[in-house]
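structure of the sequence below:
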Amino acid sequence: MAAPESECGGSDGYRDLCDVRVEVDPGTARGGGGGGFAISVWLYLSSSARPSSVILHQITAGDDNKVPFLALGEGNKLLLFPLMRLHREAPGPANSYPWTDTTNLSSTSECPLEKWFHIGCEVTENIMRLHVDGEIIAEACLCSLSDEADHQDDVNQITLVGSDDKLDGYIYNIEVSSVLGTIQELYTKNPPFKLSIDYSSSDGIEEADDGIWNIVGGKASCRRNFILEVVLNNAFGEPVKDKEVIASLIYADNGTVVEKSRDDSEPPLLITCEGLEYPAISRSLPFIRGRALFKLKISQLSSKCDNKFFRIQFSILGMRRYPFLEAYSKPIRCISRNRTVRPLGSGKRVSSGAADEICLLNNGQGFVNTDKVNGHGQSSVVCFHTSKSSKIAGDRIAKSVEMKKISSQNKHAAKMVVSKESQNVMGTDSSTSNYDSFDSGSSWSGSDGDDAETLSDAVVFRYCLDSTYDRSKFLKSAAPTVNKDDLVKLADQVSLYSGCSHHRNQILMSKRLLGEGADTWSMISKNNERALWSSAIPEIITKFADISHSVNRGLSEQDLEVLRGIAGCSDDIGRDEFDRLWYWLYPVATSLSRDKIKKLWDCTEPRWIEGLITIEEAKSALRSSREVLKEPGTFVLRFPTTRSWPHPDAGNLVVTYVGSDNSIHHRLLSLDSSNARAENLQDLLLQEPELSQLGRVDRSATR
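So this is what the prediction gives:
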């Protein structure tokens, strides 16, 4: 009944819509014995799809006339037409758009574009049914041609062919079955997948006034890392495994690959793996729980390429080039210095660089709206770094520098160095003012000098304005050698000028975090560059228990799989991968050592905190089925997997809950709330009006 594999999708099941050709036999639906057949197919339509487009035509042998079988009608609604040689109501060659005078089955809603959806058709002698995503959405009773003498012996096969009018679309795994009632089973079996970029995990990127990403690149001494995370999920939102992804740098205007010129000694795009740099095109990354984290650098400047814009292109290794198996960054201007950044506009999601402002505006209110903070909302519009938070911090810096200047006019020349450094921090050329240059102007010796000499304003202000990556780079260099008093001063000053006390916690824990991390890695690796993941597990479990002081509950196998995904490792683990894991786990374990959270973590009946889970698992726990959410008020407490030290939200809890509008929301739970009535975290949660007004709070949501 079905066409051979070479005709309906190739070895991977994907096929351009114009290449589709599959045969169906109307004779199987005749005879009055309840016969019939079913057609199942996954469909992906491009954004250019418009009403009047025919998705599948039907033709008969010896007849060149094509009539529609599946098409897009008014409002891009899906239309299914009766079958020739079987139904009296079948369209003829004269029928044309908008097909108002032709019998058809229509969907009730608009077809999604640039997204996979499933179509099922059940055909019998007297009935046709249209299924979308496993559900029957239309059914029609039809008149059979078998009752007419002229058609009783006409059982010629019908061929369904794809559109030839340049409708950009793709199909996956088209099947024709002689058994009815199999659409739901075919829908859930082997869904297609799609590659995308998770902007909530991006770092080291700024958006300029013209909407172009600015990335500092060029020569090795100036260029900076930036981070992009790509996600490979199937049509149900489930992670795909056993695939690898590769990155390349292309020109934004025509998609051609940026080549290394004769004068360049380095490839245009570099990837950092295990502390070493490689040409990005030569190193693919495996998907761990459907995710791959890229740490990239660009060595080619736009100014050397006729001021052209670049894009980062991600593609699945070893598979054909399809739009849904490729993901592209926004246009990039690779510069040798930072430029002015556009302030955040309304409705745009905030990345890690702007989380400080949100902490400031919501200080002491318990909850922060992380539909913006953590990037878990539906919008895909992202702004990166500094933005309004930079303006707020910049205003404070300007005032502070002015006050310092007035109060220090009569002091010795060393103070003038501090003032000059502060001005450099506020300048635009950050590519040359890295942390190494600040070390020479800042005293970390713990001397008895006054605060201005012991702790440079430039260090404090630079920390307030820089990215999470650069903050970690600075703390890794400074924290092991600076004395405790100076570290406390730095934490207090950063907390004061940023307006976010959470920065203080991350700085204060840095010395112990880095020290215990180095000791733990030494025990795991035994002085080797890499170690087996299986040998790392016991040490990770032991250190987690020591830091969290948890006796009743440790790390489950599912928790360890989440940690493995955060690390981005497979069967073995290197130092860079361990650091990614450690920088996330340590703040979480530290939070769990606090009495308010420890009681929730140790409590398993009911289970308040669902272990270490991803946002996808949290959403799944809040669903009774694939499409139906649980009752409003049902919630799950989780630690956001995209927030690692020294991000101010690292180690904080997020409550993911079903709102009164029957949709899923995410809110950051401030663990530093000064609510005196809340003796523990349960009280704080239940007293929060944002949740209590929803009514029943169901704590039975499980993984």
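
who does the residue positioned nearest the centre of the chain form a beta bridge with?
Centroid-nearest residue in the chain: Asp198, 2.4 Å away (criterion: C-alpha atoms, centre = their mean). According to DSSP bridges, the residues that bridge with Asp198 are Glu229.

distance check, it against Glu605.
Distance from Asp198 to Glu605, counting by C-beta to C-beta, to the nearest Å: 34 Å. In short, each C-beta sits where N, CA and C put it, glycine included.

and what of Ser644?
Counting by C-beta to C-beta - Ser644 and Glu605 are separated by 31 Å.

what of Ile664?
25 Å.

thinking again about what came up before, which of Ser644 and Glu605 has more residues huddled nearby?
Neighbours around Ser644 and Glu605, counted as other C-beta atoms under 10 Å, are more numerous at Ser644. The numbers are 26 against 6.

my read: the more buried one touches Leu581, true?
No - the criterion here is C-beta atoms under 8 Å, and Ser644 misses it with Leu581 at 9.1 Å.

any residues in contact with both of those two?
Shared contacts of Ser644 and Leu581, defined by C-beta atoms under 8 Å, 6 or more residues apart in numbering, comprise Ile566.

which residues does the residue nearest to the centre of the chain contact?
229-231, 291, 375, 642.

low-confidence ranges, the stretch 201-350 of the chain, go.
262-264, 337-350 (pLDDT under 70).

tell me where it has strands.
206-207, 213-216, 226-234, 244-251, 269-273, 276-279, 285-286, 291-298, 310-316, 326-328, 332-335, 349-350 (DSSP state E, counting those that start in this stretch).

let's have these in a markdown table, adding distance to Leu70.
Output for these, formatted as a markdown table (distance: least, C-beta to C-beta, whole Å):
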| stretch | distance to Leu70 |
| --- | --- |
| strand 206-207 | 41 |
| strand 213-216 | 40 |
| strand 226-234 | 23 |
| strand 244-251 | 32 |
| strand 269-273 | 42 |
| strand 276-279 | 45 |
| strand 285-286 | 37 |
| strand 291-298 | 35 |
| strand 310-316 | 28 |
| strand 326-328 | 26 |
| strand 332-335 | 40 |
| strand 349-350 | 37 |
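
for those, which one sits closest to Ser177?
Among those, the nearest to Ser177 by C-beta to C-beta is strand 226-234 (21.5 Å).

give me the residues contacting that closest one.
So strand 226-234 is contacted by 191-198, 201-205, 215, 239-240, 243, 245, 247, 287, 290-297, 312, 314, 316, 327, 329, 469 (C-beta under 8 Å, 6+ apart).

doesn't Asp486 lie inside a helix?
Yes - counting by DSSP: H, G, I helix; E, B strand; the rest coil, one finds Asp486 located in a helix.

next, count neighbours for it.
21.

check the one 10 residues further on too.
Here the neighbour count serves as a burial measure; for Leu496 (other C-beta under 10 Å) it reads 16.

ok, which stretches of the stretch 501-650 of the chain are helices?
502-508, 510-525, 533-548, 557-567, 575-592, 595-602, 615-621 (DSSP state H, counting those that start in this stretch).

restrict the second one to CA atoms and write it as PDB.
Presented in PDB, the C-alpha positions along helix 510-525 are these (Å, rounded to 0.1, in the frame of the first residue of the first chain):
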ATOM      1  CA  SER A 510      34.000  31.900  45.600                       C
ATOM      2  CA  LYS A 511      37.100  31.000  47.700                       C
ATOM      3  CA  ARG A 512      35.600  27.800  49.100                       C
ATOM      4  CA  LEU A 513      33.900  26.900  45.800                       C
ATOM      5  CA  LEU A 514      37.100  27.100  43.900                       C
ATOM      6  CA  GLY A 515      39.200  25.400  46.500                       C
ATOM      7  CA  GLU A 516      36.900  22.500  47.000                       C
ATOM      8  CA  GLY A 517      36.300  22.200  43.300                       C
ATOM      9  CA  ALA A 518      40.000  21.900  42.600                       C
ATOM     10  CA  ASP A 519      40.300  19.200  45.400                       C
ATOM     11  CA  THR A 520      37.300  17.300  44.100                       C
ATOM     12  CA  TRP A 521      38.600  17.300  40.500                       C
ATOM     13  CA  SER A 522      42.000  16.100  41.800                       C
ATOM     14  CA  MET A 523      40.400  13.100  43.500                       C
ATOM     15  CA  ILE A 524      38.300  12.300  40.400                       C
ATOM     16  CA  SER A 525      41.000  12.700  37.800                       C
END
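
name the element His118 belongs to?
Using DSSP states H and E, His118 sits within strand 117-123.

that strand: how far from the chain's middle?
A distance of 30 Å separates the centroid of the chain from that of strand 117-123, by C-alpha atoms, centre = their mean, to the nearest Å.

what do you get for stretch 651-662?
The answer for stretch 651-662 is 18 Å, by C-alpha atoms, centre = their mean.

which parts of that stretch are buried?
651-658 (16 or more other C-beta atoms under 10 Å).

nearest to Thr159, of those residues?
Val658 (47.5 Å).

can you give me the helices in the stretch 51-200 of the chain?
Using DSSP H, counting those that start in this stretch, helices in the stretch 51-200 of the chain cover 183-188.

where does pLDDT dip in it?
146-156, 165-166.

quick one, strands of it?
54-60, 67-72, 77-80, 105-110, 117-123, 127-132, 135-141, 158-162, 169-177, 193-203.

and the fourth one, what does it pack onto?
Read that as strand 105-110. Applying 3 or more C-beta pairs under 8 Å, 6 or more residues apart in numbering; DSSP states H and E, one finds that strand 105-110 contacts strand 77-80, strand 127-132, strand 135-141.

Ser456 is nearest to which of the ones you listed?
Per C-beta to C-beta, nearest to Ser456 of those: strand 127-132, 62.7 Å.
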